[in-house]
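Asks: no sequence for this one, just the structure:
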């Protein structure tokens, strides 16, 4: 019994058992990328542009090399980490301290940092044939909300948590 | 009548109350490039290096990364080649006093909190965390002058000159990063002042600047001015501690230089831990604790 989930995952991933939805059906083929040498200020503008073009808030961008290979991802969380002051655990205790303007100062410092210095390189990827149940499993276990889809090493799309939920919602409510 | 041989404000507080649960860790085979990136990204001075069972097998600090840069090791060298081990552990139920003693005797600034399984870390206790806890403790203390006076803020009795460490260690802007690293290692410093040819303060090179230079493949023979952070964050010796604290918080640094009369005349250095400790002292228990902490790393 212990190996059953593993076998199920293998079967689902290889498409041996056709249970319907795979990454191909739920992925966005339009995705946005950044170069590793972009600054955080440029990344912020890219987030803004991607949001404008998609009509929703974009929380993560792919980082790609000159030949389009996936090098990492930059998420809002990575930027939050950069903005968080080093010793907030000390001065955060100092309720009597006036710190207005500190956020502007933190943003001013972060602007010139390079995307390659703060991006996440340990990116979990899937293939177009990865089944929706396996995608859910990865999202739960790894606390991931977006997964790049690679086909023969090339990025072909992105699967978003919200899109997965939308597909499931239709199935659940029908 | 029992004789109280040892008493201070940390008495009764345990590691559990000051520890951080997030342990930044990397597998032993992870490249140094990743260790640099994690140090920068999570703003930590050291990373726990783990084995196959997630057990702690060593620690890679910014000093170790700087050493790798100095030695010319390739940036894809695995962490286990430079890690120092085994990591030092404490227990969550241990007193903060005992943990501080362990830090002092081993001359380290952090301990990992041991979990159930052997070698497994479930938290980290860093020296600044204890200072932060001490501050909160004193702020809420019934004996606090702030409570007694009904004031919203602690009295700023202290001036920068009373708390600073006098003397400045510096390098010339043309000195190589090699020379800067030698100076940092010899004096066990986190950063050095960089001066121009006339001896005036120009910038600061910290271990963070150096490990970023390592990641960006800047040769260690490059001059210090190439990687230094400018301008120098400095406060006047006569300023109130709260002003120094604000300067550090806004610049996100844990030390500032101190000047006398004009910003070109630097006379000392002030650390965030020093400021936090002195601003917490409003009663005898705190003063006793401060004396104890001053012996710390």
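Replies: In hand now; what should we look at? None of the values given here were measured: they were computed from a predicted structure.

Asks: report the buried residues of the host helix or strand of residue A:138.
Replies: Assigned by DSSP states H and E, residue A:138 falls within helix A:132-142. Residues A:132, A:134, A:135, A:137, A:138, A:139 are the ones in helix A:132-142 that count as buried (16 or more other Cβ atoms under 10 Å in any protein chain shown). Backbone N, C-alpha and C define where each C-beta goes, glycine included.

Asks: let me see the confidence value for the first one.
Replies: Confidence per residue is given as pLDDT, and for residue A:132 that number is 92.

Asks: just checking, it touches residue A:126?
Replies: No. Counting by Cβ atoms under 8 Å, residue A:132 stays clear of residue A:126, with 10.4 Å between them.

Asks: what is in contact with the two at once?
Replies: Common contact partners of residue A:132 and residue A:126 (Cβ atoms under 8 Å, 6 or more residues apart in numbering or on different chains): residue A:23.

Asks: in TSV, list the buried residues of helix A:132-142 along with distance to chain B.
Replies: Shown next, in TSV, are these (distance: Cβ to the nearest Cβ, whole Å):
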residue	distance to chain B
A:132	30
A:134	24
A:135	26
A:137	21
A:138	20
A:139	21
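
Asks: any chance of the residues you listed in a markdown table with distance to residue A:102 as columns?
Replies: As requested, the buried residues of helix A:132-142 are exported to a markdown table (distance: Cβ to Cβ, whole Å):
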| residue | distance to residue A:102 |
| --- | --- |
| A:132 | 43 |
| A:134 | 43 |
| A:135 | 39 |
| A:137 | 41 |
| A:138 | 37 |
| A:139 | 34 |
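
Asks: helix, strand or coil for the nearest residue to residue A:83 once chain neighbours are set aside?
Replies: What sits nearest to residue A:83 in space, not counting adjacent residues and going by Cβ to Cβ, 6 or more residues apart in numbering or on different chains, is residue A:106, at 4.7 Å. When states are read from DSSP: H, G, I helix; E, B strand; the rest coil, the local structure at residue A:106 comes out as helix.

Asks: give me the low-pLDDT residue ranges for chain B?
Replies: Within chain B, the stretches with pLDDT under 70 are B:1-11, B:135-136, B:138-157, B:276-297.

Asks: all the strands of it, residue numbers only.
Replies: For chain B, applying DSSP state E gives strands covering B:25-27, B:46-50, B:56-61, B:89-90, B:110-114, B:121-126, B:165-166, B:170-172, B:191-195, B:201-206, B:234-236, B:255-259, B:266-271.

Asks: can you list these in CSV and add distance to residue A:119 and mean neighbour count?
Replies: Below are the strands of chain B laid out as CSV (distance: least, Cβ to Cβ, whole Å; neighbours: other Cβ atoms under 10 Å in any protein chain shown):
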stretch, distance to residue A:119, mean neighbour count
strand B:25-27, 16, 18
strand B:46-50, 17, 24
strand B:56-61, 20, 22
strand B:89-90, 32, 21
strand B:110-114, 26, 23
strand B:121-126, 24, 20
strand B:165-166, 37, 11
strand B:170-172, 32, 19
strand B:191-195, 26, 22
strand B:201-206, 22, 22
strand B:234-236, 33, 21
strand B:255-259, 29, 24
strand B:266-271, 31, 20
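
Asks: turn those strands into JSON lines, including distance to chain A.
Replies: What follows is the strands of chain B, written out as JSON lines (distance: least, Cβ to the nearest Cβ, whole Å):
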{"stretch": "strand B:25-27", "distance to chain A": "10"}
{"stretch": "strand B:46-50", "distance to chain A": "14"}
{"stretch": "strand B:56-61", "distance to chain A": "15"}
{"stretch": "strand B:89-90", "distance to chain A": "18"}
{"stretch": "strand B:110-114", "distance to chain A": "13"}
{"stretch": "strand B:121-126", "distance to chain A": "9"}
{"stretch": "strand B:165-166", "distance to chain A": "18"}
{"stretch": "strand B:170-172", "distance to chain A": "23"}
{"stretch": "strand B:191-195", "distance to chain A": "13"}
{"stretch": "strand B:201-206", "distance to chain A": "11"}
{"stretch": "strand B:234-236", "distance to chain A": "15"}
{"stretch": "strand B:255-259", "distance to chain A": "11"}
{"stretch": "strand B:266-271", "distance to chain A": "10"}
